[in-house]
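# Make a model of this:
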Amino acid sequence: HHSSFFCLAPAHTVGFAPVPSILGSGRNNAISISLSSTENDLETTTNTQSSDDINDDMNMNSKVSVPLTLDEMITQSSEAMRQAKQKGINRQIIRIFLPRDSKSGQLGQYFENDMNEDRIMSRSESSTAFSSDSESSISLVPPDETWQGGIMQLYRAAAPTVKSILRKVSGDVGGVPAKLIEDRSIDTSGVDGVGLWMSQNNDPKDDVSCFVQPLQETVDVIESISNQAGKRTVVLVNPQWRNVDDALDSASKSGGVFGTLASFLGGKGGSLQRLDDLGYQSVYSIEGYVCKGGNVRLMKRFDSDWVVFAENDSETSYIKIGEVKGSRPSYQDVDKMLDDKGISLKYARDIGLAPKLE
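Numbering: from 1, shown residues only. Here you go, the predicted structure:
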């Protein structure tokens, strides 16, 4: 069993190359990544919560829900990004599901089509786009190893989804949407599925830089952009490092000579420490896997606990089965939640040996 991630760790180091960007003082020139000196320092925020804030946080768990459509997920993630920004969180991480052709499960019978931009944008930008027909042709699924085209297919689904999120976050001025720019030069191999998307807004302070599927090797570039972005938002979408530690990861966080060696061998502790130092934190996460034969979804916002859901047997909605404070619940935690709720193996429910989950 695994969490929702797709992890490839190439041996090369990503370098920073001049690319089109909104971060320069010349807004239509290519990345001159020099920002105004007045915004060179990262903002440091002190969280002082009033009793009203604490009550709001407690209420957020009840407002967390599993998005059933691409439009719902784009709305949820963009709202979380905006609200986190209002709380002073300018270095954000989001983990999202990706739109996938519903026929993709027919392995051996059908080679799945990429979720091209027209299909994604038409569904995410129209409030009436999700007819029963269109909804049946697109599924929201974890970005895991079941995608036949691997990490590049994930990128081709992620990029237009990120564009829709950036447009939702940026809004428009006088009916004119923000200009969006893609930079693929940070993916020096061309096949690691990494990209940088940037929104160019009417007011430069509203510009957003968004790294799509960054690698540990991308952290140098992330650090460079972050240090120059000032109070502007920088987002990491679906990082390719694991959400669950292995032995190397744990060792790499220990510091000292052994920790340094573990980081060199591929442990993610060193990279994540650098991101922590820059102030990055998760603002929206949806993850999922199969437990007891049924789909489970783990949801979290920056202002909520982890909320765990199980799909009902008619596959029409999700039922909340528990909440977890602090660190992400493990597979074993979720399995126990299902047991505590009296939820049996799905095959037993399907053949009538256990009560249906409705």
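# what's the first-to-last distance across stretch 141-149?
15 Å (CA to CA, to the nearest Å).
# what is the rounded mean pLDDT of stretch 292-310?
Averaging pLDDT along stretch 292-310 gives 96.
# which residues of the protein fall in helices?
51-63, 70-86, 117-124, 132-137, 150-170, 219-229, 247-252, 256-264, 269-277, 331-340, 346-350 (DSSP state H).
# residue contacts, residue 347?
Residue 347 makes contacts with residue 293, as judged by CB atoms under 8 Å, 6 or more residues apart in numbering. Just so you know, the C-beta spots here come from the backbone N, C-alpha and C atoms, and that holds for glycine as well.
# Just the pLDDT for it.
pLDDT for residue 347: 83.
# again with residue 272
Residue 272 is given a pLDDT of 85.
# Leaving out sequence neighbours, find the closest residue to it.
Spatial nearest neighbour of residue 272, excluding adjacent residues (CB to CB, 6 or more residues apart in numbering): residue 241 at 7.3 Å.
# Can you give me the neighbour number for that neighbour?
19 (other CB atoms under 10 Å).
# Residue 204 too?
Residue 204: 15 neighbours (other CB under 10 Å).
# Any figure for the gap between it and residue 297?
Using CB to CB, to the nearest Å, residue 204 is found at 37 Å from residue 297.
# on that earlier part again, for the helices of the chain, which has the smallest mean pLDDT value?
Lowest mean pLDDT within the helices of the chain: helix 247-252, at a mean of 45.
# so who does the closest residue to residue 342 other than its chain neighbours touch?
Closest residue to residue 342 apart from its sequence neighbours, by CB to CB, 6+ apart: residue 355 at 7.4 Å. Counting by CB under 8 Å, 6+ apart, residue 355 touches 342, 344, 349.
# Now the buried members of these.
344, 349 (16 or more other CB atoms under 10 Å).
# Could you dump the contacts of residue 355 into JSON lines and include distance to residue 162?
Listed next are those as JSON lines, based on distance: CB to CB, whole Å:
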{"residue": "342", "distance to residue 162": "40"}
{"residue": "344", "distance to residue 162": "39"}
{"residue": "349", "distance to residue 162": "37"}
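# Can you check the pLDDT for the residue nearest to residue 342?
On the pLDDT scale, residue 355 gets 85.
# cool, and residue 245?
On pLDDT, residue 245 comes in at 47.
# Next: residue 100.
89.
# Bridge partners for it, pull those for me.
Following DSSP bridges, residue 100 is listed with bridge partners residue 139.
# ok, residue 166 touching residue 197?
Yes - contact status for residue 166 versus residue 197: in contact at 6.3 Å, counting by CB atoms under 8 Å.
# quick one: contacts of stretch 322-336?
So stretch 322-336 is contacted by 1, 3, 61, 243-244, 287, 289, 291-292, 296, 298, 300, 305-308, 321, 337, 340-341 (CB under 8 Å, 6+ apart).
# Pull out the buried members of these.
By neighbour count, with 16+ other CB under 10 Å, the contacts of stretch 322-336 hold 3, 61, 243, 287, 289, 291-292, 296, 298, 300, 305-308, 321, 337 as buried.
# Out of these, which sit inside strands?
287, 289, 291, 296, 298, 300, 306-308, 321 (DSSP state E).
# residues in contact with residue 96?
Counting by CB under 8 Å, 6+ apart, residue 96 makes contact with 73, 77, 158, 161, 165, 237-238, 284, 286.
# change it to 7 Å
73, 77, 161, 237-238, 286 (CB atoms under 7 Å, 6 or more residues apart in numbering).
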